[in-house]
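Asks: Structure of the sequence below:
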Amino acid sequence: MGFLDKAKSQLTKAVDQHGDKIAKGVDQAADAIDKKTGGKHTDKIVKGRTQAKDALDKLDGKNDDIK
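Replies: As a prediction, the model looks like this:
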C-alpha cells in the first residue's frame, strides 16, 4: 500500500466517523470568510463550500454524512 492509498484510507475513516463535525467546520469557515469579506464573494464561497462537502462525501462513498 502506497503513501497516498494509506492517506486516503485514513481520511475515509475520519470522514466516516466524524462527517457531521467536518461539515460543521466547513460551514463555520465559509461563514467566517463571508463575514470577513463583507459578502462580496458569497457566490464563490457557497460554491467552494459545496465542492468541499462533495469531495468529503465522495471519500466515504455514502451520500448521507456531509450536508
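Asks: from here on, contacts and neighbour counts on C-alpha atoms
Replies: Will do.
Asks: Give me the distance from the strand or helix carrying residue 18 to the chain's centre.
Replies: Using DSSP states H and E, residue 18 maps to helix 3-36. Here helix 3-36 is found 4 Å from its chain centre; the criterion is C-alpha atoms, centre = their mean, to the nearest Å.
Asks: That helix - contacts with which helices or strands?
Replies: On a contact count with 3 or more C-alpha pairs under 8 Å, 6 or more residues apart in numbering; DSSP states H and E, helix 3-36 meets helix 42-60.
Asks: Put the alpha carbons of the helix it packs on into PDB.
Replies: C-alpha atoms of helix 42-60 as PDB (Å, rounded to 0.1, in the frame of the first residue of the first chain):
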ATOM      1  CA  THR A  42     -20.800  35.000  -1.300                       C
ATOM      2  CA  ASP A  43     -21.400  33.100  -4.600                       C
ATOM      3  CA  LYS A  44     -17.800  31.900  -4.700                       C
ATOM      4  CA  ILE A  45     -17.800  30.900  -1.000                       C
ATOM      5  CA  VAL A  46     -21.000  28.900  -1.500                       C
ATOM      6  CA  LYS A  47     -19.500  27.200  -4.500                       C
ATOM      7  CA  GLY A  48     -16.400  26.300  -2.500                       C
ATOM      8  CA  ARG A  49     -18.400  25.100   0.400                       C
ATOM      9  CA  THR A  50     -20.400  22.800  -1.800                       C
ATOM     10  CA  GLN A  51     -17.300  21.500  -3.600                       C
ATOM     11  CA  ALA A  52     -15.600  20.800  -0.300                       C
ATOM     12  CA  LYS A  53     -18.600  18.900   1.100                       C
ATOM     13  CA  ASP A  54     -19.000  16.900  -2.200                       C
ATOM     14  CA  ALA A  55     -15.300  15.900  -2.100                       C
ATOM     15  CA  LEU A  56     -15.600  14.800   1.500                       C
ATOM     16  CA  ASP A  57     -18.800  12.900   0.700                       C
ATOM     17  CA  LYS A  58     -17.100  11.000  -2.100                       C
ATOM     18  CA  LEU A  59     -14.400   9.900   0.300                       C
ATOM     19  CA  ASP A  60     -16.700   7.800   2.400                       C
END
